[in-house]
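Enquirer: attaching a predicted model along with its sequence, questions to come.
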Amino acid sequence: MAKPDNATKEMTAEDAAKLVSRQAPKMKDGKPVLDKDNKPVMEDKAIDADEVLSFRDYGDHVVVVTTAGEKLRGDVKK
(Lines give C-alpha, C1' and ligand atoms only; values in the text may rest on other atoms or scores of the structure.)
Protein backbone atom coordinates (compact mmCIF):
# COMPACT_ATOMS: atom_id res chain seq x y z
CA MET A 1 0.00 0.00 0.00
CA ALA A 2 1.46 3.36 -1.01
CA LYS A 3 1.78 6.21 1.47
CA PRO A 4 -0.38 9.24 0.80
CA ASP A 5 1.38 12.40 -0.37
CA ASN A 6 0.59 14.22 2.88
CA ALA A 7 2.09 11.49 5.11
CA THR A 8 4.49 12.85 7.72
CA LYS A 9 8.01 11.55 8.07
CA GLU A 10 8.47 9.04 10.88
CA MET A 11 10.55 10.51 13.72
CA THR A 12 13.86 8.82 14.54
CA ALA A 13 15.87 8.79 17.77
CA GLU A 14 18.26 11.29 16.18
CA ASP A 15 15.35 13.65 15.41
CA ALA A 16 14.01 13.30 18.96
CA ALA A 17 17.45 13.99 20.48
CA LYS A 18 17.67 17.27 18.56
CA LEU A 19 14.40 18.47 20.14
CA VAL A 20 15.33 18.00 23.80
CA SER A 21 18.06 19.21 26.14
CA ARG A 22 19.07 18.74 29.76
CA GLN A 23 20.11 21.20 32.46
CA ALA A 24 23.78 20.91 33.45
CA PRO A 25 26.14 23.15 35.41
CA LYS A 26 28.11 25.60 33.28
CA MET A 27 31.81 24.70 33.44
CA LYS A 28 34.95 26.83 33.05
CA ASP A 29 38.44 25.39 33.40
CA GLY A 30 36.97 22.15 34.75
CA LYS A 31 35.08 23.85 37.57
CA PRO A 32 31.42 24.90 37.81
CA VAL A 33 30.67 28.61 37.32
CA LEU A 34 28.97 30.04 40.43
CA ASP A 35 26.48 32.90 40.68
CA LYS A 36 26.44 35.64 43.34
CA ASP A 37 24.67 33.28 45.79
CA ASN A 38 27.43 30.67 45.33
CA LYS A 39 25.09 28.34 43.38
CA PRO A 40 26.10 26.72 40.08
CA VAL A 41 24.94 28.48 36.91
CA MET A 42 22.87 26.03 34.86
CA GLU A 43 22.69 25.83 31.05
CA ASP A 44 20.93 23.69 28.46
CA LYS A 45 23.04 20.88 26.99
CA ALA A 46 22.09 18.85 23.93
CA ILE A 47 21.91 15.07 24.10
CA ASP A 48 23.26 12.55 21.59
CA ALA A 49 21.10 10.09 19.70
CA ASP A 50 22.92 7.17 21.37
CA GLU A 51 21.60 8.40 24.76
CA VAL A 52 17.97 7.92 23.64
CA LEU A 53 16.50 4.78 25.16
CA SER A 54 12.93 5.49 24.07
CA PHE A 55 10.87 8.37 22.74
CA ARG A 56 7.31 9.25 21.85
CA ASP A 57 6.07 11.92 19.49
CA TYR A 58 2.83 13.54 20.68
CA GLY A 59 2.51 15.86 17.69
CA ASP A 60 3.13 19.16 19.50
CA HIS A 61 5.90 17.81 21.78
CA VAL A 62 8.20 14.82 22.14
CA VAL A 63 9.17 12.95 25.32
CA VAL A 64 12.55 11.21 25.44
CA VAL A 65 13.75 8.71 28.05
CA THR A 66 17.54 8.55 28.19
CA THR A 67 19.75 5.59 29.00
CA ALA A 68 20.51 7.37 32.31
CA GLY A 69 16.80 7.30 33.19
CA GLU A 70 16.08 10.99 32.57
CA LYS A 71 12.72 11.96 31.10
CA LEU A 72 13.08 15.03 28.87
CA ARG A 73 10.43 16.99 27.00
CA GLY A 74 10.90 19.13 23.90
CA ASP A 75 8.52 21.12 21.75
CA VAL A 76 8.08 20.12 18.11
CA LYS A 77 8.49 23.09 15.79
CA LYS A 78 6.01 23.18 12.98
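Expert: Nice, I can see it. Source: prediction; values computed, not measured.

Enquirer: against residue 69, how distant is the residue nearest the centre of the chain?
Expert: By Cα atoms, centre = their mean, the chain has its centre lying nearest to residue 20, at 1.9 Å. Note on residue 20: its distance to residue 69, by Cβ to Cβ, to the nearest Å, is 14 Å. Where you see a C-beta, it was placed from the backbone N, CA and C, and this is true even at glycine.

Enquirer: which residues touch residue 26?
Expert: With contact set as Cβ atoms under 8 Å, 6 or more residues apart in numbering, residue 26 has these partners: 32-33, 40-43.

Enquirer: which of those fall within helices?
Expert: Within the contacts of residue 26, no residue falls in helices by DSSP state H.

Enquirer: need those residues in TSV (columns: pLDDT, distance to residue 12 and neighbour count).
Expert: Output for the contacts of residue 26, formatted as TSV (pLDDT from 0 to 100; distance: Cβ to Cβ, whole Å; neighbours: other Cβ atoms under 10 Å):
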residue	pLDDT	distance to residue 12	neighbour count
32	94	33	13
33	95	34	13
40	94	33	14
41	95	33	12
42	95	28	14
43	95	26	13
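
Enquirer: between these, which is closest to residue 11?
Expert: residue 43 (25.7 Å; Cβ to Cβ).

Enquirer: which stretches in this protein count as helices?
Expert: Counting by DSSP H, the chain has helices at residues 13-19.
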